[in-house]
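Q: Sequence first, then the predicted structure, then my questions.
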Amino acid sequence: MQQPIYLALDFPTWEQTDHFLKVNELDGVPVKVGMELFYREGPAVIAYLKKKNHPIFLDLKLHDIPTTIYKAMRNLANLGVDVVNVHGLGGSAMVAAAKQGLIDGSNQIQTPKLLVVTMLTSMDQETVEQELAIQQPIETIVTNLALLGKNNGADGVVCSAQEARAIKHACGNEFLAVTPGIRLTNTANDDQKRIATPTFAKAEGVDALVIGRSITAAANPKETYKQAVKEWNHVSS
């Protein structure tokens, strides 16, 4: 897996998504398809993007009993996406079922990478302690979930850049760290709390980024995407 930037296609319809990609000449860039777009357009949106040669991270954050997850992942594997994910809080049996579903549903040539969602980047220490009643540092929770994922077949985790170094130390450099909550210089945090810049993420050992509103809501998305690539690759503007 190379070190991509997945552009989050957080649009309500394929028509708006396709218009954005065409106008900004973002042909073939890695993309993330989330719940909003997939639940509106269904598997057809994946087929559209594959025809245009976009590497695809299907970000549905599944969380259910192991049998249901196994069957869901077996179906998702047939779509030919590159990366999918489940919540680590579903436990070891659920993660193992997800992995087996991907293997059984794939064409055996390309099995999608499985990521475990650790702790959403919209949550902070105060939320964890006061709302979830978990009296441990976020880094400890995230690292434990990463180890759970690794020991049950996951290829990596979705985490914040702040926890990437600890995850690499616990799980090894080959275990992937994919990071949302990325904000470019001088852009708003929106509803994200554990955010980072591409340069910081790179320094912490992150393997891939997910960037949405910093690019899609920018005055010039094409130039902002180029800026993100420069920051990710440590190239001065």
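A: Looks like it arrived, so ask away. Residues are numbered from 1 along each chain as shown.
Q: ok, residues contacting the biggest strand by length in the chain?
A: Counting residues, the longest strand found in the chain (DSSP state E) is strand 56-62. Contact with strand 56-62 is made by 6, 8, 30-35, 38, 46, 49-50, 69, 72-73, 76, 79, 81-87, 90, 98, 112, 117, 178, 210, as judged by Cβ atoms under 8 Å, 6 or more residues apart in numbering. (C-beta placed from N, C-alpha, C; glycine too.)
Q: average pLDDT across that strand?
A: Throughout strand 56-62, pLDDT has a mean value of 98.
Q: returning to that earlier point: for ChimeraX, write the select line for the buried members of the contacts of strand 56-62.
A: The buried residues among the contacts of strand 56-62 can be selected in ChimeraX (16 or more other Cβ atoms under 10 Å) with this line:
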select :6,8,30,31,32,33,34,38,46,49,69,72,73,76,79,81,82,83,84,85,86,87,90,98,112,117,178,210
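Q: So what touches stretch 163-172?
A: In contact with stretch 163-172 (Cβ under 8 Å, 6+ apart) are residues 118, 138-139, 142-143, 146-147, 150, 157, 159, 175, 177, 179, 201, 204-206.
Q: Same question for stretch 115-126.
A: 61, 83-88, 95, 128, 137-138, 141-142, 145-146, 148-149, 154-160, 163, 176, 178, 180-181, 191-195.
Q: So which of these belong to helices?
A: Among those, the members falling in helices (DSSP state H) are 95, 128, 138, 141-142, 145-146, 148-149, 163.
Q: Scan those residues and report the most crowded one.
A: Counting neighbours by other Cβ atoms under 10 Å, G149 comes out on top of those with 30 neighbours.
Q: That one against V95, yeah?
A: Yes. Contact criterion Cβ atoms under 8 Å: G149 and V95 qualify, at 5.6 Å.
Q: What sits closest to A72 if chain neighbours are left out?
A: Closest residue to A72 apart from its sequence neighbours, by Cβ to Cβ, 6 or more residues apart in numbering: L62 at 5.9 Å.
Q: nope, D27 is what I was after
A: K52 (6.6 Å).
Q: Sketch out the low-pLDDT regions of this structure for me.
A: Residues of the chain that meet the criterion pLDDT under 70 lie in 1-2, 108, 185-194, 235-237.
Q: all strands of it, in order?
A: Using DSSP E, strands in the chain cover 5-8, 31-33, 56-62, 83-87, 113-117, 156-158, 176-179, 208-211.
Q: residues in contact with the residue nearest to D27?
A: When contacts are counted by Cβ under 8 Å, 6+ apart, K52 touches 21, 27-28.
Q: What about those residues, which one has the most neighbours?
A: L21 leads those on contacts (other Cβ under 10 Å) with 22 neighbours.
Q: any idea how far L60 is from Y39?
A: To L60, Y39 is 9 Å away according to Cβ to Cβ, to the nearest Å.
Q: Looking at those two now, which is surrounded by more residues?
A: More neighbours surround L60 than the other of Y39 and L60, with 15 against 9 (other Cβ under 10 Å).
Q: gap between the more buried one and I109?
A: Taking Cβ to Cβ, one finds L60 at 23 Å from I109.
Q: Now do the shared contacts for G149 and V95.
A: 88, 114, 116.
Q: tell me which of these is nearest to Q227?
A: For those, the residue nearest Q227 by Cβ to Cβ is V116; the value is 30.0 Å.
Q: What count of nearby residues applies to that closest one?
A: 28.
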